[in-house]
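S.K.: Fold the following, please.
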Amino acid sequence: MNGNTQSQRPEIRDSLGAVVPGTGMLVGAGVSAVDRLTYAMDRAAEFLRDTFDVSVEKRYNSNGRSGGAFVITDPDARGIGSNSSIGISVGLTAEDSLRVNVYVEAVYLYDTTLATREGSMFGAYAYHPVGSVEEALKWIAENAKVPRINSDSV
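M.R.: Modelled structure (predicted):
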C-alpha cells in the first residue's frame, strides 16, 4: 500500500474511431482542422469531466471540421454509436465560426419531450443549439441525468 488516498480523476480519452459495419470505413478518428476547434473540444471534455465526475471521449469527424466530447457510459464499448448518449458537439460553420450543440438521448433526459429528433440507429434525442460550451454544460446539468462513474443506473 502506498498511502496515497487521493482519488483518481476520470479520464479524457481520444477516440480510436469505429468501423462502419459492411463498409470498412473508419469514423470518429479524425483530427481537428483548426486550433480553436481543438481548444473548444478540450474545454468541453474537461467541463464534462470536472462537473459530473465522469470519463469523457473526444472524437473528430474525418474532415476535421467538427467533433464531440461525450460522456463514457460504457468503458468497454468502442463500436459505432457507443458512448455517444450525452455530449457537446462543436463544429465549424461555412463562415468558419464555431457552432455548439448539446446531444442527449431521450433515455437520459428528465423531460423526454425535449427529444425532438429521431435517429434511425439510436432513437429519439435532443440536439439543442447553444451559444457556447459553457451554455451546453448548463443545459446538460439542467436537463439530463448524467450517470456517475461505476454506476449501473441512470
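S.K.: show me what contacts the spatially most central residue of the chain?
M.R.: Nearest residue to the geometric centre of the chain (CA atoms, centre = their mean): Phe70, 1.8 Å. By CB atoms under 8 Å, 6 or more residues apart in numbering, the contact set of Phe70 is Val56, Glu57, Lys58, Arg59, Asn83, Ser84, Ser85, Ile86, Gly87, Tyr103. Where you see a C-beta, it was placed from the backbone N, CA and C, and this is true even at glycine.
S.K.: and the fourth one, which of the three is it?
M.R.: When you say that, I think you mean Arg59. With DSSP: H, G, I helix; E, B strand; the rest coil as the basis, Arg59 sits in strand.
S.K.: picking up where we left off before, quick check: of the contacts of Phe70, which has the highest neighbour count?
M.R.: Ile86 (29 neighbours; other CB atoms under 10 Å).
S.K.: Pick out the most distant pair among the contacts of Phe70.
M.R.: Lys58 and Ser85 (15.2 Å; CB to CB).
S.K.: ok, and what's touching the helix or strand hosting Glu118?
M.R.: Per DSSP states H and E: Glu118 is located in strand 117-119. Outside strand 117-119, the residues within contact range by CB under 8 Å, 6+ apart are Ala124, Tyr125, Ala126, Tyr127.
S.K.: Show the average pLDDT along the helix or strand hosting the third one.
M.R.: Under the assignment given by DSSP H and E, the secondary-structure element containing Ala126 is strand 123-130. Along strand 123-130, the predicted local confidence has a mean pLDDT of 92.
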